[in-house]
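Student: Here's a sequence, model it:
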Amino acid sequence: MATVISVHSFRGGTGKSNTTANVAAQLAAAGRRVAIVDTDIQSPGAHVLLGLTDRPEPTLNDFLWGKVGIRDAAHDVSDRLRTYGEPAPGGALYLVPSSIRPADIARVLHDGYDVGVLNDGLRRLATELSLDDLLIDTHPGMNEETLLSITISDILLLLLRPDQQDFQGTAVTVDVARRLEVPELYLVLNKVPSGIDPEDLRAQMTAAYGAETIAVMPLSEQMVRNGSGSLFSLRVPDHPWSVEIRRIAAQVRRS
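Tutor: Residues are numbered from 1 along each chain as shown. Purely as a prediction, here's the structure:
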């Protein structure tokens, strides 16, 4: 049975999609069968990180509207891993992208979609692709889709920045996750400026949320210059940000 990992943040701009894609890539490179489902339907972006720079078709939207099966919307992007070296035997990476067509995004905003269909599709995808890990790149904030993702997750990764608005919003999400009895909840602090003691931050986070901070990732000009143009943790494996990504992937493998 696949491990379901939701990657979520209360606010946008935390680096959620970048983190999701890089953690998934690390898992697949280590020999696991992994898929990402980009449920951030209002502002999708995972496809760019995984090399689908044109409008990918078919999409999650097509599945939700009954046009294709969920397997048909899953794009095999394993070749993206081979740009940085051969993955371990058995490793595979898939992406179910959301549509970037303005009309499709407008339709979702206006009509919404049936989250029950999404739930069934996620379970079917895990079975049909024989997945080890299924990562859900969520839409920021709290809505019906977010609650579904949290409810079906084995692991919830909550991303936040060292920012008071993020701290407050994350407290709300942690409370909801505990009420929904998520088996494992971890915090990931991203875009941390230099000169701040990471261990002090970890202690503050533990005191505030009572949850483990498994990664403290630095604010990096090199990452900014990368501009979502590559899977940074594979391209620059010795960078401190990449080291923290591997910490997250290792925690997922242990779970």
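Student: Helices of the stretch 101-250 of the chain, start to end?
Tutor: 102-111, 115-128, 144-152, 164-179, 198-209, 221-226, 232-235, 240-254 (DSSP state H, counting those that start in this stretch).
Student: Among these, which comes closest to Thr20?
Tutor: helix 240-254 (10.0 Å; CB to CB). For glycine as for every other residue, the C-beta is placed from the backbone atoms N, C-alpha and C.
Student: which strand is the longest one in this protein?
Tutor: strand 184-192 (DSSP state E).
Student: Outside of that one itself, which residues are in contact with it?
Tutor: Strand 184-192 is contacted from outside by 14-15, 19, 154-162, 170, 174, 177-178, 198, 201, 205, 209, 211-219, 248, 251, 255, using CB atoms under 8 Å, 6 or more residues apart in numbering.
Student: same question, stretch 110-127
Tutor: Contacts for stretch 110-127 (CB under 8 Å, 6+ apart): 1-2, 4, 35, 37, 39, 41, 63-65, 69-71, 74, 96, 131, 134, 136, 144-145, 148, 152.
Student: And those, which of them are buried?
Tutor: 2, 4, 35, 37, 39, 41, 63-65, 70, 74, 96, 131, 134, 136, 145, 148, 152 (16 or more other CB atoms under 10 Å).
Student: from the contacts of strand 184-192, which would you call buried?
Tutor: If you count burial by 16+ other CB under 10 Å, the buried members of the contacts of strand 184-192 come out as 14-15, 19, 154-162, 170, 174, 177, 198, 205, 209, 211, 213-219, 248, 251.
Student: where's stretch 35-44 relative to the chain centroid, distance-wise?
Tutor: In this view, stretch 35-44 has its centroid 9 Å away from the chain centroid, taken as CA atoms, centre = their mean, to the nearest Å.
Student: Can you check the distance spanned by that stretch, start to finish?
Tutor: 16 Å (CA to CA, to the nearest Å).
Student: shift numbering so it begins at 51
Tutor: With the count now opening at 51, the last piece we talked about shows up as stretch 85-94.
Student: got the buried residues for stretch 276-288?
Tutor: 276, 278, 280-284, 286.
Student: residues in contact with stretch 74-85?
Tutor: 86, 124, 128, 130-131, 134-135, 137-146, 175-176, 179-185, 281, 283-284, 295-296, 298-299, 302-303.
Student: Kindly provide the distance from the nearest residue to Pro243 once chain neighbours are set aside to Leu175.
Tutor: Distances taken as CB to CB, 6 or more residues apart in numbering place Leu269 nearest to Pro243, at 5.1 Å, with adjacent residues excluded. Here the distance between Leu269 and Leu175 works out to 34 Å (CB to CB, to the nearest Å).
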